[in-house]
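Q: Predicted model and sequence follow; I will ask about them next.
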Amino acid sequence: MIPISTLNDAISDDAAIRRIRRLQPAGGAGDKLFPPTYPGEQRGDPPRHVFERRRNDGKDVWCVLIDSVQSQANRLEEALLAAATEDQKLPLPYVTVDFRAAGLHPLERITSLEAPHRVYDAILRDSFLDGVPFMQSEQGRRLAAAKPADATALLELSPTALVFGAWHSQGEGGGLGAKFSRTLVSEIIGVNTPVEEVEMDRRTRTTEPRNAGRRTGSRIDPLGVLRKVEVFKGPTGWSTEQDKAGKRAKSVRPSEINHGNITPSIQPLGVTCAYAEHRAVLTLAGLRRLRFGGGARDTAGRALLAALGLAALCEQDAAGYALRSRCDLVCDGVAPLEVVHADGTTETVALDRAEARELYLEAYRRAEEVGFAFQSLTLSPQPKLVEIVRRSRELALEGAGRDEEE
């Protein structure tokens, strides 16, 4: 357990709190994992994983990105939102856009913990607070004016934006608005991943890794629809008769309307690794850059954010590491937190989920005592926001919603 006084001392004097945890596939060490895929450099290139050389135990080894900093932030926010809403264990202020009256079922709510740009996201900007466009309301103006020199508005309305970073990119000066760096950085990589190295440039002798794993795919159509069957696809759907498919109907293969066999294929996807590593760093030096009015307010505000970041890690541990299909990880032993002192030395501390919640509740109580007025806001979407969602759904149902660049 970390007492609140110890946390305050660390924030005042130390560099960071970190945790380095080893993970293994749920299927056992050496089982194949499927990290996220990203588009190739050229249009039409097949999807690929992200590989890079990293220094590990004194050696340069190939590693693969299993869960990015951005993805981890989303998962940590999801875990905090669950703790705040499902079992009501954590008092956590945030902003909600309520879509229930818009008739866009199953869409009901979007919160500042789910929106891509958090409290400065366009979903919130294009909503009303008590009939006023959000960023023109009193609270919206407070958020727009917030700076690291006085981040009170974010702490009171959406403190997770200070933990995971936020940028009011549509603010004053064409993107020179409020910008807050992450104070918690979390990432999962696969260490010592087999790759095939392909020489790319004979002059520089640089190499590009090629995935050594393979993924196969195929499908046998139980209806036995053959590729030679002529099919037409148009605005009214598909038909074997061109005029019944509507104007400008085009001839397509049965596979383009999801019928027929899928030819067996092999793609360079999927990896094995010695182990996965989850590395999380809460920067205490970064917290010291945030101010909330000086004195006891600074101390309480920073402690609240530190406790919130630690709670997020423990809530994710409890939720588990089922990251995506065929990428389910489990902890490989216990990994305590380390307080990193200013001189680089470390001190180990223990903190479980119950203790993290208790620490956060104490930090929250102390923040209220020094005058912070925490408040969750509920917004209503502007009609234009509802309409753009409605039209997008209509296009998707018509089969015309895919952007050209996609």
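A: That came through fine.

Q: Which pLDDT value goes with the closest residue to T346 other than its chain neighbours?
A: Excluding the flanking residues, the one nearest T346 by Cβ to Cβ, 6 or more residues apart in numbering is E338, at 4.4 Å. Every residue, glycine included, has its C-beta placed from N, CA and C. E338 carries a pLDDT score of 97 in this model.

Q: centre of the chain versus stretch 340-348, how much separation?
A: How far stretch 340-348 lies from its chain's middle: 29 Å, per Cα atoms, centre = their mean, to the nearest Å.

Q: Assign a three-state SS to the residue nearest to T346, would you?
A: E338 falls in the strand class when you classify it by DSSP: H, G, I helix; E, B strand; the rest coil.

Q: just checking, next helix/strand downstream of the least confident helix or strand in the chain by mean pLDDT?
A: Ranked by mean pLDDT, DSSP states H and E, the weakest helix or strand in the chain is helix 172-175, scoring a mean of 54. Next along the chain after helix 172-175, taking DSSP states H and E as the criterion, comes strand 179-180.

Q: circling back: what bridges to the residue nearest to T346?
A: Beta-bridge partners for E338, by DSSP bridges, are R18, T348.

Q: check contacts around it.
A: Each residue near E338 by Cβ atoms under 8 Å, 6 or more residues apart in numbering is listed here: 17-20, 346-349.

Q: could you redo the last one with a cut-off of 6 Å?
A: 18, 346, 348 (Cβ atoms under 6 Å, 6 or more residues apart in numbering).

Q: Over to F164?
A: By Cβ under 6 Å, 6+ apart, the neighbours of F164 are 73, 182.

Q: same thing with H341?
A: The contact partners of H341, by Cβ under 6 Å, 6+ apart, come to D14.

Q: Same check on R100?
A: Per Cβ under 6 Å, 6+ apart, neighbours of R100: E108.

Q: Check R182 too.
A: 164-165 are the contacts of R182 under Cβ under 6 Å, 6+ apart.

Q: and it, which of the three is it?
A: Secondary structure, three-state DSSP: R182 is coil.

Q: likewise L395?
A: State at L395, reduced to three classes by three-state DSSP: helix.

Q: Return the distance of it relative to P35.
A: Distance of L395 to P35, computed by Cβ to Cβ, to the nearest Å: 32 Å.

Q: Same question for D13.
A: Between D13 and P35 the computed distance is 38 Å (Cβ to Cβ).

Q: Look at those two and report which has more neighbours.
A: Per other Cβ atoms under 10 Å, whichever of D13 and P35 has more neighbours is P35, with 29 against 12.

Q: Tell me which residues are up against the helix or strand that V97 is a member of.
A: Of the helices and strands defined by DSSP H and E, V97 is found in strand 95-98. By Cβ under 6 Å, 6+ apart, the residues outside strand 95-98 that reach it are 109-112, 119, 123-124, 127, 158, 377-379, 381.

Q: next one: stretch 147-155
A: Stretch 147-155 has contacts (Cβ under 6 Å, 6+ apart) with 142-143, 146, 161-162, 289-292, 301.

Q: Contacts made by the helix or strand that the strand holding V97 is followed by with the rest, please.
A: Using DSSP H and E, the helix or strand that follows strand 95-98 towards the C-terminus is strand 109-111. Here strand 109-111 makes contact (Cβ under 6 Å, 6+ apart) with 94, 96-98, 123.

Q: Now with 10 Å, please.
A: The contact list for strand 109-111, computed with Cβ atoms under 10 Å, 6 or more residues apart in numbering, reads 77, 81, 84-85, 94-100, 118-119, 121, 123-124, 127, 158, 160, 376, 378-379, 381.
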